[in-house]
Structure formats: C-alpha cells, structure tokens
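*Asks:* my questions are about this predicted structure, shown below with the sequence.
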Amino acid sequence: MDNTPTLKDRITQDMKDAMRAKDAERLSTIRLLLAALKQKEVDERITLDDVAVVAIVDKLIKQRKDSITAFAQAGRQDLADKEAAEQRVLQAYLPERMDADAVLAAVRALVARLDAKGPGDMGRVMAAAKAELAGKAEMAHVSAAVKQALAG
C-alpha cells in the first residue's frame, strides 16, 4: 500500500494548522467538513476514499451557494459573506475542475464507448459520467454536455 496522504489526512492536518494559527473561521469550516465526513462513515459503516470525500465537499459547496443566494435575497449580506468565506475554504479541497470543452470531449468519448444513442440513454450515460467525472467537473455542466452529445 502506498503512503501518499489521503484527502481526509490533508483536511485533518489543515485543521491542526488552523488551530495553531488561531484561524477561527477556517477552523470552524474544516471541523464542519470533518463532522460531515465522520457522519457519512458512521452512517454507512465505511471508510471514505478521496472520491467520496470530494463528493461530500461538492455537496457542502452547493449548500453554501444556495445559502448565499437565499441570504442575499433576504438582505442579510453578513450571513451571505460568512457562507462565501466557508465556500472558499471548502473549494481548496476540490481537484482542478475541467473546462467546458474538456467535459464535452470526455462525455462524447463516454457516449461513443457506451454506444449511446438519443435521449433515452441519458440515465445510463449520466451514471457512467458521474462515476468517471465525480469531483473533476460540476455535474450541471456534465448533464448539459450529455444532453448535447445525445442530441447531436
């Protein structure tokens, strides 16, 4: 087994660094993330790999985006700013995102490999795309690319 640190190890180390630096905002966000990871592990009796950790980080970022929109509409800029700060901390744990062209190319290759034709194969292609592109691309972009690839 290789000894490369996992993403979870890196998050734990970052928590210790934030404690030493007395960076309260960053520390609370990292603790929130670690709690979400621990909850998933306990609920499903599993040990999370990097792909699963990225999926949870993605979910937490999406929640932050939704909260920022809601708080901004309600005129609570203070809360929107707090959510945005948390989002920036979480963003550091995501791998480099693919651009739209790379997503489309990957989806087209997947469609060809699965011999998918037409909108009826959308579910099958999305399932394969989720497995292959999780954490590398936003699923909204992947979904749009799948629709485009299957339409043309």
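*Replies:* Good, I have the coordinates.

*Asks:* would you mind measuring from the residue sitting nearest the centre point of the chain to residue 19?
*Replies:* Central residue of the chain (C-alpha atoms, centre = their mean): residue 58, 2.1 Å from the mean position. Residue 58 sits 25 Å away from residue 19, going by C-beta to C-beta, to the nearest Å. Placement of C-beta: from N, CA and C, glycine included.

*Asks:* repeat that for residue 26.
*Replies:* Taking C-beta to C-beta, one finds residue 26 at 10 Å from residue 19.

*Asks:* ok, residue 124 next?
*Replies:* 46 Å.

*Asks:* equivalent analysis for residue 144, please.
*Replies:* Distance from residue 144 to residue 19, by C-beta to C-beta: 41 Å.

*Asks:* got it, and residue 107?
*Replies:* 42 Å.

*Asks:* neighbour count: these two, which is higher?
*Replies:* residue 107 (28 against 14; other C-beta atoms under 10 Å).

*Asks:* got the domain boundaries for this protein?
*Replies:* 7-91, 100-151 (automatic domain parsing).

*Asks:* mind putting the ones you listed into CSV with mean pLDDT?
*Replies:* Shown next, in CSV, are those (pLDDT from 0 to 100):
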stretch, mean pLDDT
domain 7-91, 93
domain 100-151, 82
